[in-house]
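Asks: sequence? don't have it. structure:
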C-alpha cells in the first residue's frame, strides 16, 4: 500500500479516514487535524496561559508534543497519585518528556493532601478522577493559568457520553466538549485539544516521535466495558468515534420556520420535502 | 426457571430487567411499564383526541393493543405505501387488528398523492418516512386529532440518536422523545407510548395476545446497520437500550452552585467531594 500523500510506502492505514500514509505524512496529518480542531473549536484564546496535564501515557504525551510543534507556549503539570512503582515510572517518563520538549514541569503529590490512591478502598477510579480535577484546578488558579488542557481522546469522550446518558445523567454527558468555560471565578477553563484523535492515532504519533512512554496500564484500571463498546462500534462503522465527537461538539442549528409555497404545510425550505418528492413524479407523468 | 411474580413456570427471560416471567405476568409487566411511561412522561393529556398509526407489524400492533387495554380512546390510521403484495398484506393485518381491538380504522393511500414507494428510485426509506410523516400530520390536523402515537421502539430511538449525533445533526437527535409538542399550529403533537419497550418485548406481547401480525420485513428494508450496533451494545450491556432512552427522556437537572465549607472550592454540596474523601483518611490517621 502506498502513502496517499507522497506515494512512498505506507506505514499506517487509518480506516476512519480511509487513507494510508507513510510516517512523515502521518505526522503532518496528525498535526493538521489538531491545528484545525484548535482553530475551529476555539480551544485556546490568544492571551491564554496554558497548563498541560500529563500522565506519562501515550495520549497526554502526544498532546504535549503536538502542542509544542504547533508553537504553543505552556507548562506541564503531573500529579503523583501514589500508586507504588506505577507512579514512580509515570513520573520518570514525564520528566524525560519535559526535557525532550523543553517545557517546564510541575509535579504535585496527592500524598500531600493526606492520602494516596493505593490506600483508597473501592471506587479508586472515580476518586482518582475527583482528586486530579481538584488538584489541577486549584494549582492552575493559584498559579494564574487561564486554561487546563487534558489528553482526553475521542474514545474517552464517546464512552463518557454514552455512559452518562444511559446512567440518567444527561447533564454530565456534554462536560467533555473541546473547550468548557468556567461557570465561576474559582474554576479554570478546560480544553481537550486532541478530542478528535483516537488512541491508535496518539499511539502511532507517540511512537513515531519517539516520546518517552509508560506503556503499562494502571494496576487499578477497571474493566473498560464502555470503552470496549466504543471500540466495537468503531470496528463496525469505521469513523464513528471521530464523527460522534464532532457531532457532540457541533453548534446546534436553529431551524427557520416557513410554510411550503405549494401545499402550505410547515417546512424548513420554500417547498417542503414531500412536495419536492411529489413533483418528480407528477411532472414526469 | 420460575416466574419471579407468581412462581409458575417462566416463559420469558428479560435480561434488561433481570427477571423471568410466565406469560400472564409478562403481559401484566408490559402493561405496567407502558402505563408508567404514559404517566411519567405525560404522553397523553386528558382531552387529547388520539390517532394511533399502525403498519401491521409487531410494534405498532402491540402499541394499539396495550393502549386499548389501558382504557385509552383512539382511532387507527394506516397508510398504504403501494409496495406490491407487502402493502396488501399489511392492510389485511391492520383490518384484522382493527376488528379485534374494536377501534375504527382510517386507510390512506400514498398513490392518491401521485406516487408509490415502489416507483421511487433510490433513498426509498427516507422518502417513505417523509411521506408517512406528511400524510399522518395532515390527516390528523384535518380531522381534529390532537396527538399522533407511533410505535417507535427503544432500539429505534437509540439508533436514531446515535446516527444523528454521528451525522452532525445533533438538533435531530432528540426528535424522538416520549412526547413532542407542536411548534406551529399546523403541526400535530407526536407521542411514542412504547418508547421504553424493546422489539423483543413487543414481539412477545403480540404473540401472547395473538395479534394479527405481518412478519415479513419490508422488501426495501435497508441493512439495519445502526440497529445492529444497538443490538450489539445491548448484548454486551443488557439494559443499555432501556436506560439510554430513559436517559434521553429525563429532565435535565440544574446544579446549585455552592462553595465547600472546608476548602472554599466550588462544590454542588456543603462539603466538596475531594474534602469528603480526604476526611475519611485524615480522621482515621
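Replies: Arrived safely, thanks for sending. Since we're looking at a predicted model, the values are computed, not measured.
Asks: I'd say residue A:150 and residue A:190 touch.
Replies: Yes: judged on CB atoms under 8 Å, residue A:150 makes contact with residue A:190 at a distance of 6.7 Å. The C-beta positions use only the backbone N, C-alpha and C, and glycine is treated the same way.
Asks: got the residue ranges for the helices in the stretch 1-150 of chain A?
Replies: A:23-40, A:58-69, A:84-100, A:124-142 (DSSP state H, counting those that start in this stretch).
Asks: Can you give the domain ranges for chain A?
Replies: Split into domains by automatic domain parsing, chain A comes to A:42-249, A:257-285.
Asks: So which of those domains is the most surrounded?
Replies: Ranked by mean neighbour count, those are led by domain A:42-249 with a mean of 19 (mean count of other CB atoms under 10 Å in any protein chain shown).
Asks: so how far is that domain from its chain's centroid?
Replies: On the basis of CA atoms, centre = their mean, to the nearest Å, domain A:42-249 sits 8 Å off its chain's mean C-alpha point.
Asks: now the end-to-end length of that domain.
Replies: One end of domain A:42-249 to the other measures 11 Å (CA to CA, to the nearest Å).
Asks: so, in contact with chain B or not, that domain?
Replies: Yes: residues of domain A:42-249 are located near chain B by CB under 8 Å from any CB of the partner chain, namely A:113-115, A:119-120, A:127, A:130-131, A:134, A:137-138, A:162, A:164-171, A:183-184, A:186-187, A:225, A:228-229, A:232-233, A:236-237, A:240, A:243-244, A:246-248.
Asks: quick check: mean pLDDT across that domain?
Replies: In this model, domain A:42-249 has an average pLDDT of 94.
Asks: can you check stretch A:30-38 too?
Replies: On average, stretch A:30-38 scores 97.
Asks: do the same with stretch A:12-22
Replies: Averaged across stretch A:12-22, pLDDT comes to 96.
Asks: could you pull out the strands for chain A?
Replies: The residue ranges that make up the strands of chain A, judged by DSSP state E, are A:12-14, A:19-21, A:50-53, A:74-80, A:105-109, A:147-149, A:179-180, A:189-191, A:258-259, A:266-267.
Asks: Paired strands for the second one, with orientation please.
Replies: Looking at strand A:19-21 with DSSP bridges, its partner strands are strand A:12-14 (antiparallel).
Asks: try the last one
Replies: For strand A:266-267, the paired strands and their directions (DSSP bridges) are strand A:258-259 (antiparallel).
Asks: quick one: contacts of the partner strand?
Replies: The contact list for strand A:258-259 (CB atoms under 8 Å, 6 or more residues apart in numbering or on different chains) reads A:265, A:266, A:267, A:268, A:269, A:270, B:186.
Asks: one more time with 7 Å, if that's ok
Replies: The contact list for strand A:258-259 (CB atoms under 7 Å, 6 or more residues apart in numbering or on different chains) reads A:266, A:267, A:268, A:269, A:270.
Asks: By pLDDT, give me the weakest of these.
Replies: residue A:268 (84).
Asks: Find the residue at the geometric middle of chain A.
Replies: In chain A, the centroid-proximal residue (CA atoms, centre = their mean) is residue A:195; its distance is 2.2 Å.
Asks: Touching, it and residue A:154? I think so.
Replies: Yes: the pair residue A:195 / residue A:154 is scored as a contact, 6.3 Å apart, by CB atoms under 7 Å.
Asks: okay, and the common contacts of these two?
Replies: Residues touching both residue A:195 and residue A:154 comprise residue A:245, with contact defined as CB under 7 Å, 6+ apart.
Asks: Would you map the helices across the stretch 151-285 of chain A?
Replies: For the stretch 151-285 of chain A, the helices defined by DSSP H, counting those that start in this stretch occupy A:154-166, A:170-173, A:199-208, A:225-236, A:240-249, A:273-283.
Asks: Could you dump the ones you listed into JSON lines and include distance to residue A:102?
Replies: Output for the helices of the stretch 151-285 of chain A, formatted as JSON lines (distance: least, CB to CB, whole Å):
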{"stretch": "helix A:154-166", "distance to residue A:102": "27"}
{"stretch": "helix A:170-173", "distance to residue A:102": "37"}
{"stretch": "helix A:199-208", "distance to residue A:102": "17"}
{"stretch": "helix A:225-236", "distance to residue A:102": "33"}
{"stretch": "helix A:240-249", "distance to residue A:102": "30"}
{"stretch": "helix A:273-283", "distance to residue A:102": "57"}
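Asks: Looking at those, which is nearest to residue A:5?
Replies: Residue A:5 lies closest to helix A:199-208 among the helices of the stretch 151-285 of chain A, at 14.9 Å (CB to CB).
Asks: Show me what that closest one is packed up against.
Replies: Here helix A:199-208 touches helix A:23-40, helix A:58-69, going by 3 or more CB pairs under 7 Å, 6 or more residues apart in numbering or on different chains; DSSP states H and E.
Asks: So for residue B:78, which of those sits nearest?
Replies: helix A:23-40 (46.9 Å).
Asks: List the contacts of residue A:203.
Replies: residue A:58.
Asks: Not including adjacent chain positions, what is the nearest residue to residue A:243?
Replies: Nearest residue to residue A:243, sequence neighbours excluded (CB to CB, 6 or more residues apart in numbering or on different chains): residue B:166, at 4.2 Å.
Asks: thought that neighbour was touching residue A:241?
Replies: No: the criterion here is CB under 7 Å, and residue B:166 misses it with residue A:241 at 8.7 Å.
Asks: Tell me the spacing between the residue nearest to the centre of chain A and residue B:182.
Replies: Between residue A:195 and residue B:182 the distance, using CB to CB, to the nearest Å, works out to 36 Å.
Asks: Is residue A:53 bridged to anything, and to what?
Replies: Going by DSSP bridges, residue A:53 forms beta bridges with residue A:77.
Asks: check contacts around it.
Replies: A:60, A:77, A:136, A:148, A:149, A:150.
Asks: Please identify which of these is nearest to residue A:220.
Replies: Checking these against residue A:220 by CB to CB gives residue A:60 as the nearest, at 18.0 Å.
Asks: What are the phi and psi values at the closest residue to that closest one other than its chain neighbours?
Replies: Once flanking residues are discounted, residue A:60 sits nearest to residue A:151: 3.3 Å by CB to CB, 6+ apart. With angles defined as degrees, to the nearest 10, residue A:151 sits at phi -90, psi 40.
Asks: for residue A:152, same thing?
Replies: According to degrees, to the nearest 10, residue A:152 has phi -60, psi 130.
Asks: That one touches residue A:192, doesn't it?
Replies: Yes: contact criterion CB under 7 Å: residue A:152 and residue A:192 qualify, at 4.3 Å.
Asks: who touches both of these two?
Replies: residue A:176.
Asks: coming back round to it: would you convert the strands of chain A into a markdown table that also reports distance to residue B:36?
Replies: What follows is these, written out as a markdown table (distance: least, CB to CB, whole Å):
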| stretch | distance to residue B:36 |
| --- | --- |
| strand A:12-14 | 46 |
| strand A:19-21 | 50 |
| strand A:50-53 | 44 |
| strand A:74-80 | 45 |
| strand A:105-109 | 49 |
| strand A:147-149 | 43 |
| strand A:179-180 | 35 |
| strand A:189-191 | 38 |
| strand A:258-259 | 38 |
| strand A:266-267 | 32 |
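Asks: Redo the domains of chain A as a markdown table? Include distance to residue B:217.
Replies: Below are the domains of chain A laid out as a markdown table (distance: least, CB to CB, whole Å):
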| stretch | distance to residue B:217 |
| --- | --- |
| domain A:42-249 | 20 |
| domain A:257-285 | 23 |
